[in-house]
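**Q** predicted coordinates and the sequence they were generated for:
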Amino acid sequence: MKLFSLPVLLVSLGAATVFAQSNPSPCLEDLTHPEVRSRQIEVALLPIGSTEPHAKHLPYANDTLSARILAERVAAKANAMGAKVLVLPTMPYGVNSNQAPNPYAQSIRPATLMQFIKDVVEVSEHQGIRKIVILNAHGGNTTTIAATLRELFASNPKVFAAQVDYWISFPEKAKELIKTGGDHADEQETSISLALFPDKVYMDRAVKAKDTPLALPSLRVPYIHFMRPWMYVSDNTGTGDPTQATAEKGRVLVGVFLDRISNFLKELSDAKLTGTFPFDFKK
Ligand SMILES: [Zn+2]
C-alpha cells in the first residue's frame, strides 16, 4: 500500500504552491481549490453564448461552444504572455426572444441576462477581481451586454468591465476571406465552427439558405434597427451560404481574434486601475 501519492506528499510538505502551478488551464472549472488559491487573478473572462437552431449543419450549442473554446484559447495565449486571466464558466443561455417559435430555442429576458452579469461581477468584485471582460458569441446578446456595462458603470464604479463581440474583431480579414453574406450559420460562422469544433459540424448537410427579402427597401440599411421574426428569415433558420465555409478561413479569423484579444487581455491585466482609468493623463 502506498502511504502517499505524489500530490498529497507535495501538499503535506508545504509545496502546494509549486505543485498547484503545474496546472496550466486558465479555466476555473478545471482547477482544484489549492490551484485556485495559488493563482493571482487580475482579469475575469466571462464567456456568453446561446442555445438556438443554426440551420441544418451546426448544433444548437454553436455559440456556447464558440464562446467557451475562444475564451480558453485567448486566455491561455494571454497568460503565456504573462497575463493573469481566469476564465469563468460559460453561460449557455442568451437573449433569443425572436427565435421563440423555433423548437426548443432557449431564451432568457434581457433583464435576466443583465442581472446574471451583474451578479457575476459583484461576486468577482468581492473576491478581489475588478477587471471583467465579457466574451460574447451571440448577436442577440450585444445590446443587453452593452446596456449592462452602463448599469455597472453606475453601480460598481471600481470595476472596469469590457465587452468583446468576437465576430467583429477581424473586419478586414473577414472582408478578404468571406465572399458570401449572411449573419447566422453562414459562411463566416461555419468557418469558425469548422476551425474550433469540426466534429460537431455536418458539412454534408450544409445548404445555401433561401433568404427571405425584407418587405421595405428602406429597411435594407445598417442604421435602422428592428427585430426579425427568425422563423421567417430563411427556409432553414440559417442565412447566407455555408457551403463556402472552410476550416482554413476559420483558422485565419480565429488567429486574428487570438492575437488582438490576447494583447488586450495582457495590457488590461498589467494595468493599474487608477481613478481616471481607462484614461491616462500622463500619456
Ligand atoms: Zn450563432
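**A** Cool, the structure landed.
**Q** pLDDT value on H126, please?
**A** Reported pLDDT at H126 in the predicted model: 97.
**Q** contacting residues for the closest residue to R39 other than its chain neighbours?
**A** What sits nearest to R39 in space, not counting adjacent residues and going by C-beta to C-beta, 6 or more residues apart in numbering, is L86, at 6.8 Å. The C-beta positions use only the backbone N, C-alpha and C, and glycine is treated the same way. For L86, the contact set (C-beta atoms under 8 Å, 6 or more residues apart in numbering) comprises P26, C27, L28, R39, I41, V43, A44, L45, A75, I129.
**Q** just put those residues in JSON lines and tack on neighbour count and secondary structure.
**A** Supplementary listing: the contacts of L86 in JSON lines, determined by neighbours: other C-beta atoms under 10 Å; DSSP: H, G, I helix; E, B strand; the rest coil:
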{"residue": "P26", "neighbour count": "26", "secondary structure": "coil"}
{"residue": "C27", "neighbour count": "19", "secondary structure": "strand"}
{"residue": "L28", "neighbour count": "16", "secondary structure": "helix"}
{"residue": "R39", "neighbour count": "18", "secondary structure": "coil"}
{"residue": "I41", "neighbour count": "17", "secondary structure": "coil"}
{"residue": "V43", "neighbour count": "27", "secondary structure": "strand"}
{"residue": "A44", "neighbour count": "25", "secondary structure": "strand"}
{"residue": "L45", "neighbour count": "26", "secondary structure": "strand"}
{"residue": "A75", "neighbour count": "27", "secondary structure": "helix"}
{"residue": "I129", "neighbour count": "18", "secondary structure": "coil"}
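**Q** widest-spaced pair of those residues?
**A** With C-beta to C-beta as the measure, no two of these lie farther apart than C27 and I129, at 14.9 Å.
**Q** who in this structure is up against the ion?
**A** Counting by C-beta under 5 Å from the ion, the chain comes close to the ion at N62, D63.
**Q** of all residues in the chain, which one is closest to the ion?
**A** Here the residue of the chain nearest the ion is D63; by C-beta to the ion that distance is 4.3 Å.
**Q** show the contacting residues for the nearest residue to P278 once chain neighbours are set aside.
**A** Once flanking residues are discounted, P278 sits nearest to F160: 6.9 Å by C-beta to C-beta, 6+ apart. The neighbourhood of F160, defined by C-beta under 8 Å, 6+ apart, consists of R130, K131, I132, L268, L273, F277, P278.
**Q** pull out the buried members of those.
**A** By neighbour count, with 16 or more other C-beta atoms under 10 Å, those hold R130, K131, I132, L268 as buried.
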